[in-house]
Each structure stands twice: as structure tokens, then as C-alpha cells.
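Q: Attaching a predicted model along with its sequence, questions to come.
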Amino acid sequence: MLSKMLWANRNASLQWQHEMPRGYAKTVLYYTSYANRMFLSQSDAKANLESGIHTAGIKWHRFLPFDALYLNFGGDIQSHFVQPQAPYVEGSYAMEQGESFTQDAKEASLYAQSVIPFSSALDLTATLRTSFYENDFFAAHIDPRVKLRYQPTKQTLWQFSAGAYTQYLHQLGFSNNGFPTEFWYASDKDFLPQRALKISAGYQQDFLDSKYRLSTEIYYTQLYNQLEYRGSALSLMTEKYHLADNIINGKGANYGLELMLSKNAGPLHGWMAYTWSKAPRFFPNISEIECYPSVHHREHELKMLLNYECSPRWNISATWIYAGGTPYTAVESAVILQENLIVNYGKHNGARCPAYKRLDVSARYRLPDWKQGEQYLSFSMYNALFSKNPIAYQYRNMYKEEVYLFSTILPSILARRFSYCSFFLLPGEGLLYPRRGSKEARG
């Protein structure tokens, strides 16, 4: 089975901010879009999958300071045009397909936030957000949130927060081969909006004359109306396909621990962060409740950043990332029947990709100042150690092969201020775009 993929993002915004005798007001008009296309082929059957989302909206924010408290309030109106994933199949094994459809959803929200200081060391931030939603049904939710902050000294900080959250857009996609083929789905009367209840506690301590900082946070989130996509790429081509039949609805939880150590002074500074997390999802089966890890779950994640000021003009930095592999649904067995591959998959999200490793390095040179301000010339290398991190698996002649997005370095040069231009050297290896002039590219 062969596959090719295209995806793209677009965004634009216009912002206006007005300073007032007391506080300020800010208004933002914005537009964002995301779309992807995936091409699959097996023997003489072909499938074309398209999906996308377009969002246009306006945000308004007002900040008012008073003697005893601070007040923020505002609103947001959004219009979502969503095209969920729908395949078009042709060939000898093409079967009746569910019709493609689009969703036109509207969303609006109002919020108010106040910071109440009880003393110089203790304050409370209270937020109340009300949201309204309309698609093929109407929904309204109220989400209260509180954050308590206690700072007995300049070096010590304690924080506690709790709140409710609502999200009206769901993100779904394949997990059986690791491709970034996710698509958006707007809540409707069959698949209700996502709800979350979150609680967290954090501690922060500065030491050695505030040159170093240690911070930690523990959190737990209970999730409701969680959707998972259980369809496979092959089922799109060999079975009768309806999107709703391939979506399962359940609940879940996110919980974990975050640790960070940072150095904030001196020519050499940076930070190191470690995260341990769990993200189980629970979905009802015919006779029992099945538990799967979330498709984005990585149990261990380590990130390090070092920055060294060589001179007033030269600065070099390096970033290292290590993360556990993401889950996917593995192939347990496969047979060829009449020149077509028939696949039996294992437990949903029951296997994991290899651990993700990457080193990025960069150098920045400060040019002589012009009237316009500071000028910089930056050099960087993405994936400097040529790490091979598979994002997918495909099968050729019954053999499993790894697919990489970038398996070599990606160098770049960036000039800021006077021309703001970028030059990227793109390696041909590993890119999943169709060749220029191919039938898929022309389509």
C-alpha cells in the first residue's frame, strides 16, 4: 500500500489597541485555516481523502485597573467551516461510500476575570466564562475558574488552580500508521462538546542569589465526551465507509508531574524540563469498558536548552528533545487475496513508535545598529545529529518500512529587521509531497 500526503496552514490577523486614561482596549480580527489531502493506492484501487477547517472571528478585550483589584473582560465570536474526512474511492474494490458533508458552526463567548489581592503575599484570580454554540443543536456552558497564589518571599511561590473548560471542536485521525492525518469535527447532537475539570498545584523556589530556579507542578484533568477515530486506511478502500460508524465516544483523564530547573544569570544560561504523564481513555465496548492511551500520549519527555553569550555580538544555543514514542495501532497479520492486501490490526493504540530524539543548534550575530533598531543574522540547523524519527509505517511486498519526515539536517539563515528574509535548504529525502507534474499534484 502506497500513500502520499499534502497539508497546509494559513492565517491572518489585524489588531487594534487603544490606550485609555484607565487601562486599555484591544480588538483582533483573525482568520485561520488548515487542510490536508491524502492519497492511498493498493493494487488497482485508489482513494483520495480530503479534510479541512476554516475559522474567522473577532476578539475584544478590556483591561481596567482599580485601587483594590484588576478587572479583565471581553468576548469572542467565531465562525467555523469544517470539512470532516471523507474518502473518494475508485477501482475494482470501490464500494458504496458515505457522502461527504460540511459543517457550519457558530461559537461565541463572554468572560470576566478579576485579580483580588488579600495581602502582599496572597492573591486570588477568579474567572467566569460563558460560551454559546450552534450547529445542528444549541448549547451553552458556564466555566468557572480560580487560581490562588501565595508568595511569602521573593524566592518562594506556591500556586493552586481549579477550573472547568469546554471545547466545541474535536480533533480525530488515524493512529494505525502514525501519519499526521488528523482532521477536525464540530460538535453536533450525536457527538457533544468536550468538557474538562482540571486541578493543579505548583511550587517554585529560587536559590543561590536567584541565579537558579526549581519549579514543579502536579495536575489531574477529568475529561468527558472524548472522541477517537478507529477506522483504518485499508478499510476506506475495501469496506463500506461511514464516518460516524468509525467514531467512538468515551471519557478519559490526564495526570502527571512536571519538573523544571533553570539558570537565569551569567553568560551560560538555560533550562532543563522533565514531564511524566498518563493519558488513559475509556470507551464502552459490547461487554466491557476498554482502556486505550491517547494517540498523543508520551509518558516521558525531557527537554534541555542552553544559551551562551560568547560576546556582545555573538550568541550560540542548543536544544535537545527526548520523548517517548506515540501510540499507534499495529498490524498483527496480513495476507494477499487476489492481489489485494488484507490486514488484521491489533489493539487500538496498543503499540508505540520509537522514542523521539532531536538536537537543534543555532548561532546569532548582532549587526551594527541602524536607525531602525537592532539587526540580527541567525544561522540554525534543525536535527543537527541526523536523527531518524519515524512518523509512519508502510508496507512494501509484505515488509514493514519506516517513513521519515526529515531524516537529515534542515539548515536555515534568517536576517531580521532590514530585510526579514529567510533561506531554507530543504532535503529531498523523506518529504511526503507528490512529485511536480504527477497526477496527484495536478489534482
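A: Yep, that arrived.
Q: Give me the secondary structure label for residue 245.
A: What DSSP: H, G, I helix; E, B strand; the rest coil gives for residue 245 is helix.
Q: Next one, pLDDT for it please.
A: Note on residue 245: pLDDT of 79.
Q: I'd like the distance between it and residue 225.
A: Here residue 245 is placed at a distance of 18 Å from residue 225 (Cβ to Cβ, to the nearest Å). Every residue, glycine included, has its C-beta placed from N, CA and C.
Q: More neighbours: those two, which one.
A: Per other Cβ atoms under 10 Å, whichever of residue 245 and residue 225 has more neighbours is residue 225, with 18 against 12.
Q: how about the strands in the stretch 251-400 of the chain?
A: For the stretch 251-400 of the chain, applying DSSP state E, counting those that start in this stretch gives strands covering 268-278, 280-284, 289-293, 300-309, 314-323, 327-328, 331-337, 340-345, 351-352, 356-370, 373-382, 390-396, 399-404.
Q: which one of those has the most crowded surroundings?
A: With neighbours taken as mean count of other Cβ atoms under 10 Å, the strands of the stretch 251-400 of the chain reach their highest mean count in strand 327-328, at a mean of 23.
Q: what's that strand packed up against?
A: With contacts taken as 3 or more Cβ pairs under 8 Å, 6 or more residues apart in numbering; DSSP states H and E, strand 327-328 sits against strand 351-352.
Q: other SSEs contacting the strand it packs on?
A: Packed next to strand 351-352, using 3+ Cβ pairs under 8 Å, 6+ apart, are strand 327-328.
Q: Direction included, what does the strand it packs on pair against?
A: strand 351-352 (antiparallel) (DSSP bridges).
Q: now the strand it pairs with: mean pLDDT?
A: Computed over strand 351-352, the average pLDDT equals 84.
Q: Just give me how far it sits from the chain centre.
A: Strand 351-352 sits 20 Å away from the centroid of its parent chain (Cα atoms, centre = their mean, to the nearest Å).
Q: how much space between the residue most central in space within the chain and residue 171?
A: For the chain, residue 296 is the residue whose C-alpha lies nearest the centre (Cα atoms, centre = their mean; 8.8 Å). Separation of residue 296 from residue 171 (Cβ to Cβ) stands at 9 Å.
Q: circling back: any chance of the strands of the stretch 251-400 of the chain in TSV, plus distance to residue 156?
A: Converted to TSV, these look like this (distance: least, Cβ to Cβ, whole Å):
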stretch	distance to residue 156
strand 268-278	19
strand 280-284	34
strand 289-293	36
strand 300-309	24
strand 314-323	29
strand 327-328	39
strand 331-337	53
strand 340-345	51
strand 351-352	39
strand 356-370	34
strand 373-382	36
strand 390-396	43
strand 399-404	46
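Q: which stretches of the stretch 101-250 of the chain form strands?
A: Using DSSP E, counting those that start in this stretch, strands in the stretch 101-250 of the chain cover 103-117, 122-134, 138-153, 156-167, 169-172, 183-186, 194-207, 212-229, 247-263.
Q: Skip the chain neighbours and tell me the closest residue to the residue nearest to the centre of the chain.
A: The shortest distance from residue 296 to any non-neighbouring residue, by Cβ to Cβ, 6 or more residues apart in numbering, is to residue 326 (6.5 Å).
Q: Confirm for me that that neighbour is in contact with residue 295.
A: Yes. Counting by Cβ atoms under 8 Å, residue 295 is a contact partner of residue 326 at 6.8 Å.
Q: before we move on, the earlier item: which residues are in contact with the residue nearest to residue 296?
A: Shown in contact with residue 326 (Cβ atoms under 8 Å, 6 or more residues apart in numbering): 178, 295, 296, 297, 298, 352, 353.
Q: try residue 313
A: 365, 366.
Q: now it: how far from residue 380?
A: Taking Cβ to Cβ, one finds residue 313 at 17 Å from residue 380.
Q: do residue 387 as well
A: Relative to residue 380, residue 387 is positioned 16 Å away (Cβ to Cβ).
Q: cool, residue 347 as well?
A: 40 Å.
Q: for stretch 26-46, which positions count as buried?
A: Under the neighbour-count criterion of 16 or more other Cβ atoms under 10 Å, stretch 26-46 has 30, 34, 35, 36, 37, 38, 39, 40, 41, 42, 45, 46 buried.
Q: So which residues lie in contact with stretch 106-114, not counting its own?
A: By Cβ under 8 Å, 6+ apart, stretch 106-114 touches 69-80, 125-135, 168.
Q: Restrict that stretch to CA atoms and write it as PDB.
A: Output of stretch 106-114 as PDB, limited to C-alpha atoms (Å, rounded to 0.1, in the frame of the first residue of the first chain):
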ATOM      1  CA  LYS A 106     -21.000  29.300  15.200                       C
ATOM      2  CA  GLU A 107     -19.400  29.900  18.600                       C
ATOM      3  CA  ALA A 108     -19.400  32.900  21.000                       C
ATOM      4  CA  SER A 109     -18.100  33.600  24.500                       C
ATOM      5  CA  LEU A 110     -18.100  36.200  27.200                       C
ATOM      6  CA  TYR A 111     -15.600  36.300  30.100                       C
ATOM      7  CA  ALA A 112     -14.700  38.300  33.100                       C
ATOM      8  CA  GLN A 113     -11.600  38.000  35.300                       C
ATOM      9  CA  SER A 114     -10.700  39.700  38.500                       C
END
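Q: Just the buried residues of it, please?
A: 106, 107, 108, 109, 111, 113, 114.
Q: What is the most widely separated pair among these?
A: For the buried residues of stretch 106-114, the maximum inter-member distance is 28.3 Å, found between 106 and 114 (Cβ to Cβ).
Q: Can you verify my assumption that residue 354 contacts residue 328?
A: No. Under the criterion of Cβ under 8 Å, residue 354 is not in contact with residue 328, lying 11.2 Å apart.
Q: All set now, cheers.
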